[in-house]
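Asker: from the sequence below, what's the structure:
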Amino acid sequence: MLVSSKPARRVLHVLFLALFLPLFALPLLVIVAASFATNWSGALPSGATLAHYRELARGDALTALLTSLGTALAASLAALTAGTWAALAAQRLGRRARRVLDGLFLLPLAVPSVVVGLALLVAFSRPPLLLNGTPQIVILAHTVLVTAFAHQSVTAALARLDPAYEQSAAGLGARPGYVLWRVKLPLLLPSLTAAAGLCFALSMGELSATMMLYPPDWLPLPVQIFAATDRGALFSGAALAVALMATTLLVLLAVSRLRTRAGYR
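Answerer: Got it, this is the predicted structure:
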């Protein structure tokens, strides 16, 4: 909604800050403050220290962070590949078939993620696909949970794509494979990078399904954060949470730069 008068804009800015600070910024600032504290008995934390971050660098937290990065990158790549392929294939389907396909991709989002974890645990606990107790089942769970976002993002981008580019290339004698790789996918690159960033961020923070599936040698950072807070180490858990947020933000900033460059091209 466009507001022309300065007083009205100022009121909207004040309302935005009044909603944004307590709902979004303040909880994050509390976590950051707690990560540097040893005690919090009053209105503000006390006992400033870097010990929690030193423990993070020396302990198992770094391994857990790398595990989360590996899981998120693998799941994002798999989700982007599956979602893009399905969105491209759905263009040749009828309206009803496309609705059925959309429903199948959105089904994991319609149920709690712990249900998805349980379903995969039951489905892959026996041969011939015995994945229980392996890192692959964690990556598979994350892929199932985030593929819908990649599929919807690419589907929306395809709906906005001008068919004249594809028709012109085909009219000049280009083969379908050449049109796909040299025309359509480059035009979709900004949407693909945005979908990849969203899938990565969602995978980095996934906990419920991961709790049911992770093996002892594949411990993602959200699980370690939950374990730390569950045993009462709130300040250590806060430092882990800050590390998770910072890493995710850095990756998203890198993806945003790639998306900007793709948009300029």
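Asker: skip the chain neighbours and tell me the closest residue to residue 170.
Answerer: Leaving aside its chain neighbours, residue 170 sits nearest to residue 179 (6.0 Å; criterion: C-beta to C-beta, 6 or more residues apart in numbering). C-beta coordinates here come from the backbone N, C-alpha and C atoms, glycine included.
Asker: what's the average pLDDT for the helix or strand encompassing that neighbour?
Answerer: Per DSSP states H and E: residue 179 is located in helix 176-179. What helix 176-179 shows for mean pLDDT is 78.
Asker: contact partners of it?
Answerer: 166, 169, 170 (C-beta atoms under 8 Å, 6 or more residues apart in numbering).
Asker: in it, what's buried?
Answerer: residue 179 (16 or more other C-beta atoms under 10 Å).
Asker: just give me how far that helix sits from the chain centre.
Answerer: 30 Å (C-alpha atoms, centre = their mean, to the nearest Å).
Asker: which is the next helix or strand following it?
Answerer: Next helix or strand after helix 176-179 toward the C-terminus (DSSP H and E): helix 185-204.
Asker: give the buried residues for the helix or strand just after that following helix.
Answerer: Counting by DSSP H and E, the element after helix 185-204 in chain order, helix or strand, is helix 208-213. Using 16+ other C-beta under 10 Å as the burial criterion, the residues of helix 208-213 that qualify are 209, 210, 211, 212, 213.
Asker: now what about the helix or strand following helix 208-213, what contacts it?
Answerer: Once the chain leaves helix 208-213, the next helix or strand it forms, by DSSP H and E, is helix 221-230. With contact meaning C-beta under 8 Å, 6+ apart, helix 221-230 is reached by 60-61, 64-65, 67-68, 204-207, 210-211, 214, 234, 236-237, 240-241, 243-244.
Asker: list buried residues within these.
Answerer: Buried among these by 16+ other C-beta under 10 Å: 61, 64-65, 67-68, 204-206, 210-211, 214, 236-237, 240-241, 243-244.
Asker: before we move on, back to that, between the buried residues of helix 208-213, which is nearest residue 115?
Answerer: Closest approach to residue 115 among the buried residues of helix 208-213 (C-beta to C-beta): residue 209, at 8.4 Å.
Asker: pretty sure that closest one is touching residue 113, no?
Answerer: Yes - here residue 209 reaches residue 113: they are 4.4 Å apart, a contact under C-beta atoms under 8 Å.
Asker: so where's this structure shaky on pLDDT?
Answerer: 1-5, 259, 261-265 (pLDDT under 70).
Asker: give me the distance from stretch 99-114 to the chain's centre.
Answerer: 17 Å.
Asker: could I get the buried residue list for that stretch?
Answerer: 101, 102, 105, 108, 109, 113.
Asker: what about the residues you listed, which are in helices?
Answerer: 101, 102, 105, 108, 109, 113 (DSSP state H).
Asker: separation between the last one and residue 207?
Answerer: According to C-beta to C-beta, to the nearest Å, residue 113 stands 8 Å off from residue 207.
Asker: same thing with the fifth one?
Answerer: Between residue 109 and residue 207 the distance, using C-beta to C-beta, works out to 16 Å.
Asker: and residue 115, by the same measure?
Answerer: In terms of C-beta to C-beta, residue 115 sits 14 Å off from residue 207.
Asker: wait, residue 121 sits on residue 132?
Answerer: Yes - the pair residue 121 and residue 132 passes the contact test of C-beta under 8 Å, sitting 6.3 Å apart.
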